[in-house]
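Novice: Here you go, sequence then predicted model.
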Amino acid sequence: MRFIITVTELEGGAHSDETNSGGDNSNAGSVSGGADDDQARLRLKRKLQRNRTSFSNEQIDALEKEFERTHYPDVFARERLAGKIGLPEARIQVTIQHSILDYKNV
């Protein structure tokens with residue numbers, strides 16, 4: 001079984017792009033104010049997004065081997081694997097969770 005790695009989570013909860021389509025618009029007469037708001041919103045969105053994790057072939061092999069051994073590794077097994085392959089335990093936990101979902105959906 002090959003891992004399908006798609007980790008694009010947001011830190012600090014979900015983010016929604018909200019626009020002010022009605023009501024009081026304090027920047028209605030200012031063109032540069034709208035551009036500043038757009039830039040600020042873009043900076044906030046980039047700050048909240050987590051960078052996609054890239055796995056080496058060795059890391060993928062180790063993750064697959066662990067998943068074959070047990071579909072539900074405990075925190076100690078995840079921490080041991082994290083130290084062995086140089087990834088945070090949280091990334092391993094998320095990757096295993098995604099693998100479980102993929103395995104159940106096959």
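Specialist: Everything's here; your move.
Novice: quick one: low-confidence ranges for the chain?
Specialist: Within the chain, the stretches with pLDDT under 70 are 1-33.
Novice: In this structure R91 contacts T53, no?
Specialist: Yes: R91 is within contact range of T53, at 5.6 Å (criterion: CB atoms under 8 Å). For every residue, glycine as well, the C-beta is placed using N, CA and C.
Novice: ok, those two, which is more surrounded?
Specialist: R91 (19 against 16; other CB atoms under 10 Å).
Novice: burial measure for V94, as a count.
Specialist: For V94, the number of neighbouring residues by other CB under 10 Å comes to 15.
Novice: Equivalent analysis for L44, please.
Specialist: Residue neighbour count, defined by other CB under 10 Å, stands at 11 for L44.
Novice: cool, and the one 4 residues further on?
Specialist: Look at L48: counted by other CB under 10 Å, it has 13 neighbours.
Novice: what's the distance between it and R78?
Specialist: As judged by CB to CB, to the nearest Å, L48 and R78 stand 25 Å apart.
Novice: pull the CA atoms of stretch 91-106 into CSV?
Specialist: Coordinates of the C-alpha atoms in stretch 91-106 are reproduced here as CSV (Å, rounded to 0.1, in the frame of the first residue of the first chain):
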residue,chain,number,x,y,z
ARG,A,91,2.9,14.8,11.3
ILE,A,92,3.2,11.0,11.8
GLN,A,93,-0.1,11.0,13.6
VAL,A,94,-1.9,12.9,10.9
THR,A,95,-0.3,10.7,8.2
ILE,A,96,-1.4,7.5,9.9
GLN,A,97,-4.9,8.9,10.4
HIS,A,98,-5.1,9.7,6.6
SER,A,99,-3.8,6.2,5.8
ILE,A,100,-6.4,4.6,8.0
LEU,A,101,-9.1,6.5,6.2
ASP,A,102,-7.7,5.5,2.8
TYR,A,103,-7.4,1.9,3.9
LYS,A,104,-11.0,1.8,5.1
ASN,A,105,-12.3,3.4,1.9
VAL,A,106,-10.6,0.9,-0.4
